[in-house]
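Novice: next input, structure requested:
(chains A and B)
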Amino acid sequence: MTETPASEAQFLRRNAVDALPEGALERQLAEGRPLRIKLGIDPTTADIHLGHTVVLRKLREFQERGHHVVLIIGDYTARVGDPSGRSSTRPQVDPREIDANAETYVSQAFKALDESRTEVRRNSEWLDMPMEELFRLARLATVAQILERDDFSKRWSAREPISILELLYPLLQAYDSVAVRADVELGGTDQKFNLLLGRDIQQAYGQKPQSILTMPILPGIDGVQKMSKSLGNYVGVTEPPEEQFGKLMRVPDATMPVYYELLLDEPFDPARPAVESKRALARSLVARYHGEEAARAAEAHFDRLHVERGMPDEIDEAPLPAGETVHLPALIASAFGVSSSEARRLLAQGGVRLDGERLDGADLDLPADRLDGAVLQIGKRRFKRFRRSADVS
RNA sequence: GGGGGGAUGCCCGAGUGGUUAAAGGGGACGGGCUGUAAACCCGUUGGCUCUGCCUACGCAGGUUCGAAUCCUGCUCCCCCCA
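Specialist: A predicted model of the protein is given here:
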């Protein structure tokens, strides 16, 4: 590949929202050495979802051009909680949970990254610093500077609480750049302020400032808010294939082009029927994380459930309690993990089917014989097959 | 240090003594519609051994026939002045 720095820079900043300062990346590439590309992830939740992969895929592109990725697990910053884009203080996360999450993050990140060109660091390595060192860092920015940040200024003018710890967060992230001597830092657009602050802090520590690249935020499957675990509109990379497929089919048609652009290599074709495009999207993403085989199976599963309105071929089994008759609310409650009041409501609303046949909400008790070996269905997607306990035979 | 305001169901948010399990909205769930979706329409949304019972409006007490609503104490939060 004979790329000039200019063409390489142009390729690498494709899809990015900002590449700052203007021309900086190209100048760095012109130095002809492998660059250190930094990405920080705070392991506040257990799973990496498609939203994270937008940035990870960009990192991968850097790796494919011989650059070196420094993946920072923010085990220490996770304790602070990134206020970016937040309208309120984050809840505290249990340190043990952070550790557990950190483990899974790394393995999940390698679904997108080239392990041989990745250096994984935890920022507790350097952020667990003496107070004196923190003083030195804290002197480098003023409250006014930090309050410049959009989300802070909103909270400030709305008179909402901002803790001093939160104010410190951008500085800690910036210090990560110093610690790993980053040449480039990637992040979502909501990270722009933090990334830029990294430049100032690096210079204060006598380093060359990093350049920054911000990627668009992937909308969640509701098509409205950003994809995030806490909003429940995410698709996790380790979720089961059928789950991923189903969720992706729920993405609003209007949001699909963005998914194509940010997650796939093939372009979105507006002339193609929406269903087909969406299927292709779901198929290729499931295949990426689970393989072609699983993707085909997931699609077949989806067709059976939603197109033919049938049942999946594998259904979890649950034991049938002893007795001649079975009290449905109790059975549904224990088998599906809902409250028995909710089970009653579902029955009353016609949301429960037995072997595909809708149950009349008035029948709360059924003979056990009718349930043995039968499949109970709640809504469109939840199934359980009942069997009399083995001790009968 | 002084003064003021607040804490309501998954979330936001009304309600200031009596059909209040608590308006309204969001979300979620179920049904309908549909080429997946979205939009739209209808319904549900504390629990239970469910035509009734129990628990609930920050926590603990009190007043009252009766309190989320009044009183006392406590905890937490916000704002203003210093």
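Novice: only C-alpha atoms for contact and neighbour calcs from this point on.
Specialist: Noted.
Novice: check contacts around the nearest residue to A:R27 once chain neighbours are set aside.
Specialist: Among residues not flanking A:R27 along the chain, A:P5 sits closest, at 7.5 Å (Cα to Cα, 6 or more residues apart in numbering). A:P5 makes contacts with A:E26, A:R27, A:L29, A:A30, as judged by Cα atoms under 8 Å, 6 or more residues apart in numbering.
Novice: A:L167 too?
Specialist: For A:L167, the residues meeting the contact criterion (Cα under 8 Å, 6+ apart) are A:V143, A:I146.
Novice: quickly find the element holding it.
Specialist: With secondary structure defined by DSSP states H and E, A:L167 is part of helix A:164-180.
Novice: and if you look at A:E97?
Specialist: Assigned by DSSP H and E, A:E97 belongs to helix A:95-109.
Novice: then A:F383 would be within a strand, right?
Specialist: Yes - secondary structure assignment (DSSP: H, G, I helix; E, B strand; the rest coil) places A:F383 inside a strand.
Novice: what number of residues lie near the spatially closest residue to it that is not a sequence neighbour?
Specialist: Distances taken as Cα to Cα, 6+ apart put A:Q377 closest to A:F383, at 4.5 Å, once the chain neighbours are dropped. As a burial measure, the neighbour count of A:Q377 was computed by other Cα atoms under 10 Å and equals 23.
Novice: list the buried residues for the helix holding A:L167?
Specialist: Residues of helix A:164-180 classed as buried under the neighbour-count rule (16 or more other Cα atoms under 10 Å) are A:166-178, A:180.
Novice: and it, what's its mean pLDDT?
Specialist: pLDDT averaged over helix A:164-180 equals 91, rounded to a whole number.
Novice: residues of the stretch 51-200 of chain A that sit close to RNA strand B?
Specialist: A:R159, A:E160, A:P161, A:I162 (Cα under 7 Å from any atom of the strand).
Novice: report how many residues lie close to A:Q349.
Specialist: Using other Cα under 10 Å as the criterion, the residues surrounding A:Q349 number 12.
Novice: spit out the contact partners of it.
Specialist: Taking Cα under 8 Å, 6+ apart as the definition of contact, the neighbours of A:Q349 are A:G361.
Novice: can you check the one 3 residues further on too?
Specialist: When contacts are counted by Cα under 8 Å, 6+ apart, A:V352 is found next to A:L346, A:R358, A:L359, A:L376, A:Q377, A:I378, A:G379.
Novice: let's see which of the residues you listed end up in strands.
Specialist: Within those, membership in strands is found for A:R358, A:L376, A:Q377, A:I378, as judged by DSSP state E.
Novice: a markdown table please, covering those and showing pLDDT and distance to RNA strand B.
Specialist: Output for these, formatted as a markdown table (pLDDT from 0 to 100; distance: Cα to the nearest atom of the strand, whole Å):
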| residue | pLDDT | distance to RNA strand B |
| --- | --- | --- |
| A:R358 | 87 | 9 |
| A:L376 | 90 | 12 |
| A:Q377 | 91 | 8 |
| A:I378 | 91 | 6 |
